[in-house]
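Visitor: starting from these lines, generate the structure:
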Amino acid sequence: MTQALQQAKPKDALQLKAQIEGMIVDINPNFVSGGQFNQGDILISIDDRDYRLAVVQRQAKVALAENQLIKIQAQADSAQLELAELGRKHASDLAKGLPQLTHAKAELASAEALLAQAELNLSRTKVVAPFAGIVAK
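Guide: Numbers count the residues shown, from 1 in each chain. Take a look at the predicted model:
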């Protein structure tokens, strides 16, 4: 009498997909049919040069936005001081430099958000195993 062999089925299965685009520059040698990997292992590395450059560009935009905010804050402070010295208690927000200040703050927040996105994209150039496993045959 022969016994039929039963095939083990995985508890979990996962299709791997990078969250960014780019050329694959390195593949973990264990990332082959039947290969084993541990949680946290880098399975695939994507060329990160464009992503590193994007981070530098975004850092520069944040620096420019910070400088612009400092300049506009100084102008608004100066305008408000001048208005006070002239005895103008009910000057418009525009004369006080408030809309310009709001705009500069928004520009800085936008630049910081774009930098955060660029840094996130850079971190995604390494595809990391979320858990230990075996590559399906």
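
Visitor: any chance you could list what contacts the lowest-mean-pLDDT helix or strand in the chain?
Guide: Using mean pLDDT, DSSP states H and E, helix 93-96 stands out as the lowest-scoring helix or strand of the chain, at a mean of 85. For helix 93-96, the surrounding residues in contact (CB atoms under 8 Å, 6 or more residues apart in numbering) are Ala76, Ala79, Gln80, Leu83, Arg88, Pro99. Every residue, glycine included, has its C-beta placed from N, CA and C.

Visitor: swap the cut-off to 6 Å and go again
Guide: With contact meaning CB atoms under 6 Å, 6 or more residues apart in numbering, helix 93-96 is reached by Ala79, Gln80.

Visitor: list the buried residues for the next helix or strand along the chain from it?
Guide: Next helix or strand after helix 93-96 toward the C-terminus (DSSP states H and E): helix 98-123. By neighbour count on 16 or more other CB atoms under 10 Å, the buried set for helix 98-123 is Gln100, Leu101, Ala104, Glu107, Leu108, Ala111, Leu114, Leu115, Ala118, Asn121, Leu122.

Visitor: mind naming the longest helix for this protein?
Guide: For the chain, the helix that runs over the most residues, judged by DSSP state H, is helix 49-85.

Visitor: mean confidence (pLDDT) on that one, please.
Guide: If you average the pLDDT over helix 49-85, you get 95.

Visitor: mind listing what's buried in that helix?
Guide: For helix 49-85, a neighbour-count test (16+ other CB under 10 Å) marks 51, 54-55, 58, 61-62, 65, 68-69, 72, 76, 79-80, 83 as buried.

Visitor: kindly report the same for stretch 122-131.
Guide: Across stretch 122-131, burial judged by 16+ other CB under 10 Å covers Leu122, Arg124, Thr125, Val127, Ala129.

Visitor: would you reformat those residues as CSV and include distance to Asp93 and pLDDT?
Guide: Formatted as CSV, these follow (distance: CB to CB, whole Å; pLDDT from 0 to 100):
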residue, distance to Asp93, pLDDT
Leu122, 40, 97
Arg124, 42, 96
Thr125, 45, 97
Val127, 50, 93
Ala129, 54, 90
